[in-house]
Each structure stands twice: as structure tokens, then as C-alpha cells.
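**Student:** sequence-free structure coming up:
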């Protein structure tokens, strides 16, 4: 946010986001997560602590708006993701850079572009998914996927987008500390239905 304000000294971070992201993409259900603002239909956050479901402690995300301080509906997140591939919001060269794995100073390539994890290599190698033949096949079938996940007190989210087909799925869970639902697997399985249509 400081870098953005430095590049545009006439507007603060909030103004930049509202005018350059929320308004043009019509993200009408996306908000700055302010602790005391009444936001319509805001889901209550929960946590699992020692096997018990409890109300999550109150947290203030205003210190990190640029790094995970928004709240949104899954449909708004999908709208934001797909806008990357539509050609009328961001320049193609910008999108290419965002979706290209970065190279570190020591020439090591990482699985992240700008704001997006690129491909499924990280997930394919995770012990949790190594022997899951269904998910391994789905990941192999979508080599040009990008994703972004997030988690905080009282929630977890996963967005996966197939760049080839310009489709995205977001799964959100308003509970942290609970493994009864795998948001990555749910998003991947749902996205695969769109993928099979083509």
C-alpha cells in the first residue's frame, strides 16, 4: 500500500483500490475489513480450539489491507480473478508477468508470480495429495492454472483459475483450525467440471 501511495501521491490506498479495482470490476460485495463497520451479510468467524467450535477472537485487519485485509463474497473474488484474463482490464504483458514464475537472485525459480501461485507443483508434492490419484489427475489436466489462498482468524479461502478457459472457482470457509473440509480439493474438483465442458 505504501508503494502504491508513493506512485500516486494524490490518492491514498483506499481511494486507489476503490477507483481502480472495486468500481471498474463492479465488486459490489467487497469491502475493506474494518473492525466496527456494519457490513451487510458479513459471516461470523469461528475457530476450532481443542476440538471445540468457538467464536473467533476479534481481530483488526486494517493494518494489512494490501496483504489480506479485504472481505468479499466468493462471486466477487471470482469476478476479480477472471478479469485478469479478459483483456480489457489489465495489459496482456502485465498478466503474463503476474502468471510467470519468479526467479530469485540465485537463479532458483519459485512457484509464484506476482500475487499468484503458478501451477500445481507445490500441491502435487504435498504429502496430503501425493497418493490421491483423483486430485493428481485433475491437477495434471490443468497445467495452466494459477491460484491464491488465504487464511486468518476465523476463515480460510482458496481461489483456483484455469487460464486456458478463463474460469475460476473460490471456496470460502468461515472456520479456522478445522480440517473437515479441504478448500483446495473442493475448488479443484469444482473447477474441473468447467474444464471438462471444453
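**Tutor:** Good, I have the coordinates. From a predicted model like this one, the values you see are computed outputs, not experimental measurements.
**Student:** Which residues are in contact with the residue nearest the centre of the chain?
**Tutor:** The centre of the chain sits closest to residue 148, judged by CA atoms, centre = their mean, with a distance of 3.6 Å. Counting by CB atoms under 8 Å, 6 or more residues apart in numbering, residue 148 makes contact with 81, 115, 116, 117, 158, 159. The C-beta positions use only the backbone N, C-alpha and C, and glycine is treated the same way.
**Student:** and it, what helix or strand is that in?
**Tutor:** strand 145-152 (DSSP states H and E).
**Student:** list the buried ones in that strand?
**Tutor:** 145, 146, 147, 148, 152 (16 or more other CB atoms under 10 Å).
**Student:** What of stretch 39-50?
**Tutor:** In stretch 39-50, counting by 16+ other CB under 10 Å, buried: 45, 46, 47.
**Student:** Identify the residue nearest residue 194 in space, chain neighbours excluded?
**Tutor:** Distance criterion CB to CB, 6 or more residues apart in numbering; nearest residue to residue 194, sequence neighbours excluded, is residue 167 at 4.2 Å.
**Student:** Output the buried residues of stretch 39-50 in TSV, with pLDDT and distance to residue 85 appended to each entry.
**Tutor:** TSV is the format used below for these (pLDDT from 0 to 100; distance: CB to CB, whole Å):
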residue	pLDDT	distance to residue 85
45	91	31
46	95	34
47	94	35
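**Student:** before we move on, back to that, which pair of the buried residues of strand 145-152 spans the longest distance?
**Tutor:** The most widely separated members of these, counting by CB to CB, are 145 and 152 (23.7 Å).
**Student:** and the longest helix for this structure?
**Tutor:** helix 183-196 (DSSP state H).
**Student:** any idea of the mean pLDDT for that one?
**Tutor:** If you average the pLDDT over helix 183-196, you get 91.
**Student:** Give me the contact list for it.
**Tutor:** 123, 132, 135, 138-139, 141-142, 145, 147, 149, 156-162, 165, 167-173.
**Student:** now the strands for the protein?
**Tutor:** 30-32, 46-49, 52-55, 70-72, 117-118, 145-152, 155-162, 167-173, 175-176 (DSSP state E).
**Student:** for the last one, packing partners?
**Tutor:** Meaning strand 175-176. strand 46-49, strand 155-162 (3 or more CB pairs under 8 Å, 6 or more residues apart in numbering; DSSP states H and E).
**Student:** again, but for the fourth one
**Tutor:** Here strand 70-72 touches strand 30-32, going by 3+ CB pairs under 8 Å, 6+ apart.
**Student:** Name every strand pairing with the strand it packs on and say which way it goes.
**Tutor:** strand 70-72 (antiparallel) (DSSP bridges).
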